[in-house]
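what would the 3D arrangement of this be:
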Amino acid sequence: MAQKSPFDHGTKTVKPKWWRVLVRIIFGKTIPQMLFRAYLLLIIIGSLLLWAPISLESSGHMYVLDDTGWIVPAPYHFYDAMFIACSAITDTGLSPAVISETFNGFGQAVVLILIEIGGIGLMTIIFLLWHMLRPKKNIDLNQIIILQAERGNEKISGTYKSLKYSVIFIIVLEIIFGFVMAFWLCWMPIFKPDPQPVFYDSFALTIDSVTPIDAHHNFWVALWQGMFTSISAINNAGFDIFEGGVSMAALRNDWNVIFQLFVIIEFVIGGIGFPLIYDLIEKMKAKRKGIKYRLSLFTKLSLTGYLVVSLAGLAFAYGFEYGYTSVISDHQVFDIAHYKCGILSWQGTNEFGKNETFNKIWAIFFNTMSTRSAGFSTVNQTILSPGSQWTFIILMFVGASPSSTAGGIRTTTLMIVIWTIFSKIAGRSDIVMFKRKIPNAKVRASLLTTVVATMLVALFAIIVFYCAPDSNSQYTVLQSFYEVSSAFGTVGLSMGFTSSINVAGLFFLIIIMFIGQLGISSTLLAWTKKNPKGNRVQYPEEDVRIG
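Numbering: from 1, shown residues only. A predicted model of the protein is given here:
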């Protein structure tokens, strides 16, 4: 009897590796795989709704900003709807279309719902609603683990409670700030940006017309715009429905900086994350009762990282804008004297309003803080100096806190990587922060996340650059890096690159937005087996020289 070959599998078909990986993604039972499928399904549903004629102002058309600043119609395809749906569910804010002109009330409501689901978390919303309808049903450990993976606390025992209080806190803030913003939009004199910005030395000036915005003295329009802006801000989405398609340019000056302050408060709260919000609430409750309460290491790392990265970003931005002959600081097109001399004559207001110095300082502050995942802008991003643009790229790459509405590698990852480097220089083997040792597995995961994210952003930036027309003349690699970093950090700031790239470029931006929302760790784990066996054979160890 002939011996059966070890390579002979009989009638059983051996599936190729790529097929097994695909099956694992579609039918896998790990938590990252379930989250991957849930968000993918939600994006498909959102795409179908946004593509339907019921969502559009003009069937089969979207409205875009052309190179001269005019809002013009353009063909609307399913991949455009998918891109906007993915941008909304990942709380990014990038869009090839002008939302306020492309979608009617229903379409804008769909975008807003996707933003809210993406910010709070799909699994979190489903679980909280289910528990509200069936309050007597015991909480399952598997459910808690899923919540922890999406938006939860680092401690399993505190996950449900932290999410419950944080979601209530977020929704209350959305409503309060929504009404405050509505009253502001209704009663303050705010003017529409001119439909055709003035260009000077290839830089676009956003100047105001003499026509009040639609929300002026129209409370219901103001209420809708206020609520939309409030929800978009606290979820760090960056979407807006203001006229002109130029984000918050109409609110960039003078008294309207108070409106910007409302937006900053919201996106900072949304960017620090649910566990941190809950930890701070518990700290305040304990302080009122006279009980000693110790903030978690996660809270300390997140707050420290958010503060350090923000201050460093502001320092570099102000240094580049005031230490370099840049457009935003002392370029002649923003000098009031040149307006009076007739170089740029206009019946509206100056680019930086009546208090030019203060408004310039505030413009740098607001736009720098917005890179932490908010995505709102008050000035054209192309007028920034190259140094500021690269600074913003780094800030968007880092993002904000884990378990928040932000993307990027997250502030805690950056802090661990930086402290690992300092510990290596100091000759310490353990990574100790705030009198607590960081597990070696977490240090390796932080380093891996940073390296993989850097490689992905660089690769996608090169690919997207070649997906744009006239890439060798009209567009630069810096603009491509800016757009890809914005997508990865789920920020939404743009230099006009997204509306110009082809279908392939939009597809790659969708992928990087999706990765930014799930996180590098969850994305990598979505490809793994439920119970990986590891190395079944142990090999001898040998040292290797490295750099």
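
A74 sits in which helix or strand?
Assessed by DSSP states H and E, A74 sits inside strand 71-75.

in that strand, what's buried?
Buried residues in strand 71-75, counting neighbours by 16 or more other CB atoms under 10 Å, are found at I71. All C-beta spots, glycine's among them, are computed from the backbone N, C-alpha and C.

so what's S403 closest to, chain neighbours aside?
Here the nearest residue to S403 in space, its sequence neighbours aside, is G273; by CB to CB, 6 or more residues apart in numbering that works out to 4.4 Å.

burial measure for that neighbour, as a count.
For G273, the count of nearby residues is 28 (other CB atoms under 10 Å).

output the strand holding A74 as PDB, restricted to C-alpha atoms.
Taking C-alpha atoms only, strand 71-75 is exported to PDB below (Å, rounded to 0.1, in the frame of the first residue of the first chain):
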ATOM      1  CA  ILE A  71     -19.700  77.200  -5.800                       C
ATOM      2  CA  VAL A  72     -20.500  75.300  -9.000                       C
ATOM      3  CA  PRO A  73     -22.500  72.100  -9.800                       C
ATOM      4  CA  ALA A  74     -20.600  68.800 -10.500                       C
ATOM      5  CA  PRO A  75     -21.700  65.200 -11.200                       C
END
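
the residue nearest to S403 and K287, how far apart?
21 Å (CB to CB, to the nearest Å).

same question for R252.
Going from R252 to K287 by CB to CB gives 39 Å.

what about these two, which has more around it?
Per other CB under 10 Å, whichever of R252 and K287 has more neighbours is R252, with 27 against 11.

leaving out chain neighbours, which residue sits closest to that one?
Using CB to CB, 6+ apart, the closest residue to R252 is T378 (3.7 Å).

check the secondary structure at the one you found for me.
Look at T378: counting by DSSP: H, G, I helix; E, B strand; the rest coil, its state is coil.

for V111, see how far away the residue nearest in space to the middle of the chain is.
The residue lying closest to the centre of the chain (CA atoms, centre = their mean) is T490, at 2.4 Å. For T490, the distance to V111 equals 15 Å [CB to CB].

so who does P386 touch?
Residues near P386 by CB atoms under 8 Å, 6 or more residues apart in numbering: L478.

what's the answer for Q517, then?
Q517 makes contacts with 39, 89-92, 118, 407, 490, as judged by CB under 8 Å, 6+ apart.

so which of those are in helices?
Those of the contacts of Q517 mapping onto helices are 39, 89, 118, per DSSP state H.

state the mean pLDDT of stretch 250-263.
Averaged across stretch 250-263, pLDDT comes to 88.

hmm, who's touching it?
177, 180-181, 184-185, 188, 190-193, 206, 208, 213, 229, 233, 242-244, 248, 349, 352-355, 358-359, 362-363, 366, 374, 376, 378-379.

which among those residues count as buried?
So, by 16+ other CB under 10 Å, the buried ones in the contacts of stretch 250-263 are 177, 181, 184-185, 188, 190-193, 206, 208, 213, 229, 233, 242-244, 248, 349, 352-353, 359, 362-363, 366, 374, 376, 378-379.

residues contacting K442?
By CB under 8 Å, 6+ apart, K442 lies in contact with I416.

please identify which helix or strand holds it.
helix 440-465.

now do that helix: distance to the chain's middle.
Distance of helix 440-465 from the chain centroid (CA atoms, centre = their mean, to the nearest Å) equals 17 Å.

again, but for stretch 99-110
The chain centroid and the centroid of stretch 99-110 are separated by 20 Å, computed with CA atoms, centre = their mean.

what's next to that stretch, contact-wise?
With CB under 8 Å, 6+ apart as the test, stretch 99-110 has contacts from 46, 49-50, 54-57, 61-63, 71, 76, 84, 111, 224, 228, 239-243, 245.

buried among these? Need that as a selection in ChimeraX.
Those of the contacts of stretch 99-110 that count as buried under 16+ other CB under 10 Å are selected in ChimeraX with:
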select :46,49,50,55,56,61,62,63,71,76,84,111,224,228,239,240,241,242,243,245
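
show me the contacts of stretch 99-110 that map onto strands.
Counting by DSSP state E, the contacts of stretch 99-110 place 61-63, 71 in strands.

skip the chain neighbours and tell me the closest residue to I190.
I213 is the one closest to I190 (CB to CB, 6+ apart), at 5.0 Å.

next, the contact list for the one you found, please.
Going by CB under 8 Å, 6+ apart, I213 touches 185, 190-192, 242-243, 250.

kindly recompute the last result at 7 Å.
Contact partners of I213, counting by CB atoms under 7 Å, 6 or more residues apart in numbering, are 185, 190-192, 243, 250.
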